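Asker: Take a look and give me a structure for this.
(chains A and B)
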Amino acid sequence: MCGIVGYLDKKSDPEYPIGRTLLGMLEALSCRGPDSAGVALFDSPGDWHIRLSGPEGLNSESFIEALRKLGIAVHRHYNNGVYDAVLSKGADVSTLEDQIQLALPDTEVICLGRCLALVKQVGSPEKLEATYEISKRAGSHGIGHTRLSTESRVDLSHSQPFWAHGVPDLATVHNGHITNYHKLRRLYEQQGYRFYTENDSELIGVYLRCCLEHKLPLEDALRASLDDFDGSFSYLAATDDTLAYVRDRYGFKPLMVAETDQFVAIATEEIALRQTLGEDFVVYEPSPGSVGIWHTQQPALVST
Amino acid sequence: MTCSIDCHGKTTREINRAIRQAIAAGEREIRILHPDARHNLGVALLEPVRIVYEGSVGYYCAGMIDGAQVEIRGSAGWGTAESMLNGTVLIDGNAGSGVAASIRGGTVVVRGDAAARAGVSMKGGTLLIGANCGYMAGFMMQKGKIVICGDAGDALADSMYEGIVFVGGKIASLGNDTVVEEPTSEDESWLATLLHQYNLRGPNRFKKVVSGRKLWNFDKKDLEVWRAAL
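Answerer: Next comes the predicted model:
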């Protein structure tokens, strides 16, 4: 199962209550994924920031001090071991994650970027709201996930959305099962890409990162994944200015899309769109094997 | 007399209980307000009542009904009207995958598009689609008729045993063991009556797809293929 949702405000209004909308959509889909919940929200570009999960057993003072030496200034510490920090000017974001791993093994970078705020945790969307107050977050677009684990552990690391490690401001959510995951993972590991979890959905971010590093535009990478991934998948990808869906060639996993002059909204089930956004729009099930891409303040690009 | 049931604030079980209680109390017309694309509404109703959903419904609405007249003033999710025995299901918007799967009788009308696997394994009845449909419509159907006014997706009517599929637009590809025939004058008059009855416009000419009946019996020529496969 699992439920995925996405929303893009076409006016790209940075004050749009994206958190409240995505939370409402996730609550409608919480029965599809009681194990964990998360959202990736996109705001207008600000300072470079990072969210990390500290290693177990290390006290927060030592962790914060170790991060400070790497040019990472923690400004918030949640009681679940998650830290928010800003990066000092001139920090090399391309090597930062390696530096963190070297200095603080078992630290997990949850997200990094100038626009992306990614929060996730074990439990329901309501619990996510209680911890992070996502309903108060504004932004132009975002994606969300409720998880029913079928393959891997139920913990923060294995929850979604996944930030695509190494690519600032790129996040994905996935419903389905990528059956050639192990084969592709070995391939990418041989090329030096690191995997942080045993969740097959993490592969999508690594795949997109690899494509982008080979100078393939994101749109082309999303289309290429239709051929390169086996199994069932409806997944969403979002960047600072993009919201996109990809649906496997058999349409094994449901996906519904609504588009109006004001917004594009995507969800695993129509119930998430109706309960949150009302009745005043048409909903359609995109063709199996199709990719839909929307950019903030630009017309849609849908291909089959 | 019409009775209304508002879904707001009710669980799916409470809505369905309210529908059954209304029918038991003798109501024959029931309006369902704010269905908000919820799943499993009005399944296995065996009475000839009229039920109007004022909005979209989720999965499996009107499945296994026997004789009810169901109107959905919105879109419908996966498996709508699945395995219905008799009755009418009218969907104003689009239908998700597997609409009218395995129906044994009655009529399902989708005014918009139907997604993949529409009318698979039909054992009777009629499925009328006003616009286009996805892949494998009519897969392994055994009886009944499917009418697609627009275009049909890949592998249309793959491995159908019996029944007829009419297509007004383009066929992306035919499924295994299907044959395209010219519609007879009886077919054309049946189509015209059906479209008129449900106020839908179709093209002047339909293609008629029927079973090639080659898969009905084992062919010795295929023995080597089976040996390799097994």
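Asker: who's in contact with the residue of chain B found nearest chain A?
Answerer: Closest contact between chain B and chain A, by Cβ to the nearest Cβ, is at B:A37 (3.7 Å). Quick note: C-beta positions are derived from backbone N, CA and C, even for glycine. Counting by Cβ atoms under 8 Å, 6 or more residues apart in numbering or on different chains, B:A37 makes contact with A:269-271, A:273-275, A:283, B:55-58, B:74-75, B:77.
Asker: Now do the helix or strand hosting A:A73: which elements does it pack against?
Answerer: Assigned by DSSP states H and E, A:A73 belongs to strand A:72-77. In terms of contact count using 3 or more Cβ pairs under 8 Å, 6 or more residues apart in numbering or on different chains; DSSP states H and E, strand A:72-77 is assigned the packing partners helix A:60-69, strand A:82-87.
Asker: right, and those - which one's nearest A:T146?
Answerer: Put simply, out of these the one that sits nearest A:T146 is strand A:82-87, at 19.0 Å, with distance taken as Cβ to Cβ.
Asker: That closest one: how far from the chain's middle?
Answerer: Put simply, strand A:82-87 sits 18 Å off its chain's centre (Cα atoms, centre = their mean, to the nearest Å).
Asker: Please name every helix or strand in contact with the following helix or strand past it.
Answerer: Moving toward the C-terminus from strand A:82-87, the next helix or strand (DSSP H and E) is helix A:93-103. The helices and strands touching helix A:93-103, judged by 3+ Cβ pairs under 8 Å, 6+ apart, are helix A:60-69, strand A:108-113.
Asker: related to what we said a few turns ago, pick the most deeply packed of the helices and strands packed on strand A:72-77.
Answerer: When you average the neighbours per residue for each of the helices and strands packed on strand A:72-77 (mean count of other Cβ atoms under 10 Å in any protein chain shown), strand A:82-87 leads with a mean of 19.
Asker: Let me know the angle separating that strand from strand A:72-77.
Answerer: Angle, strand A:82-87 to strand A:72-77, by axes from the mean of the first three to the mean of the last three Cα atoms, to 10 degrees: 140 degrees.
Asker: okay, now whichever residue of the stretch 151-300 of chain A sits closest to chain B: neighbour count?
Answerer: Of all residues in the stretch 151-300 of chain A, the one sitting closest to chain B is A:E270 (3.7 Å; Cβ to the nearest Cβ). For A:E270, the number of neighbouring residues by other Cβ atoms under 10 Å in any protein chain shown comes to 32.
Asker: circling back: Provide the contact partners of the strand holding A:A73 at residue level.
Answerer: A:50, A:60, A:64, A:67-68, A:83-88, A:91, A:96, A:100.
Asker: Can you tell me which of the helices and strands packed on strand A:72-77 is nearest to chain B?
Answerer: Each of these was checked against chain B via Cβ to the nearest Cβ, and the shortest separation belongs to strand A:82-87, namely 33.9 Å.
Asker: Just the angle for that closest one relative to helix A:60-69, thanks.
Answerer: Taking the same axes, to 10 degrees, strand A:82-87 and helix A:60-69 form an angle of 20 degrees between their directions.
Asker: What strands line up against strand A:82-87, and which way round?
Answerer: According to DSSP bridges, the neighbouring strands of strand A:82-87, each with its direction, are strand A:49-53 (antiparallel), strand A:72-77 (antiparallel).
Asker: Can you give me every residue that contacts the residue positioned nearest the centre of chain B?
Answerer: By Cα atoms, centre = their mean, the mean C-alpha position of chain B lies nearest to B:A100, the distance being 2.8 Å. Listed by Cβ under 8 Å, 6+ apart, the contact set of B:A100 reads B:T80, B:A81, B:E82, B:M84, B:V89, B:V108, B:A118, B:G119, B:M122, B:G125, B:L127.
Asker: Model confidence score at it, please.
Answerer: The predicted local distance difference test score for B:A100 is 98.
Asker: Next, it: secondary structure please.
Answerer: For B:A100, the secondary-structure state derived from DSSP: H, G, I helix; E, B strand; the rest coil is coil.
Asker: backbone phi and psi for residue 191, please?
Answerer: Assuming you mean chain A. The main-chain torsion angles of A:Q191 are listed as degrees, to the nearest 10 and equal phi -90, psi 0.
Asker: I was thinking of chain B, sorry if that wasn't clear
Answerer: Taking degrees, to the nearest 10 as the convention, B:L191 sits at phi -60, psi -50.
Asker: show me what contacts it?
Answerer: Remark: with contacts taken as Cβ under 8 Å, 6+ apart, B:L191 is in contact with B:V147, B:F166, B:P183, B:G202, B:F206.
Asker: Repeat the analysis, applying 6 Å as the threshold.
Answerer: Applying Cβ atoms under 6 Å, 6 or more residues apart in numbering or on different chains, we find B:L191 in contact with B:F206.
Asker: Which of the contacts of B:A37 fall within strands?
Answerer: With strands identified by DSSP state E, the entries of those that belong to them are A:V283.
Asker: ok, of the contacts of B:A37, which one's closest to A:A40?
Answerer: Closest approach between the contacts of B:A37 and A:A40, by Cβ to Cβ: A:L273, at 18.7 Å.
Asker: Was I right to think that closest one contacts A:A265?
Answerer: Yes - under the contact definition of Cβ atoms under 6 Å, A:L273 touches A:A265, with a separation of 5.4 Å.
Asker: So which of the strands paired with strand A:82-87 has the densest surroundings on average?
Answerer: The most buried stretch of the strands paired with strand A:82-87, if neighbours are counted by mean count of other Cβ under 10 Å, is strand A:49-53, with a mean of 22.
Asker: Average pLDDT for that strand, rounded please.
Answerer: Per-residue pLDDT over strand A:49-53 has a mean of 95.
Asker: Could you do stretch A:135-146 as well?
Answerer: Mean per-residue pLDDT for stretch A:135-146: 96.
Asker: Report the buried residues of that stretch.
Answerer: For stretch A:135-146, the neighbour count (16 or more other Cβ atoms under 10 Å in any protein chain shown) marks A:R137, A:A138, A:G139, A:S140, A:H141, A:G142, A:I143, A:G144, A:H145, A:T146 as buried.
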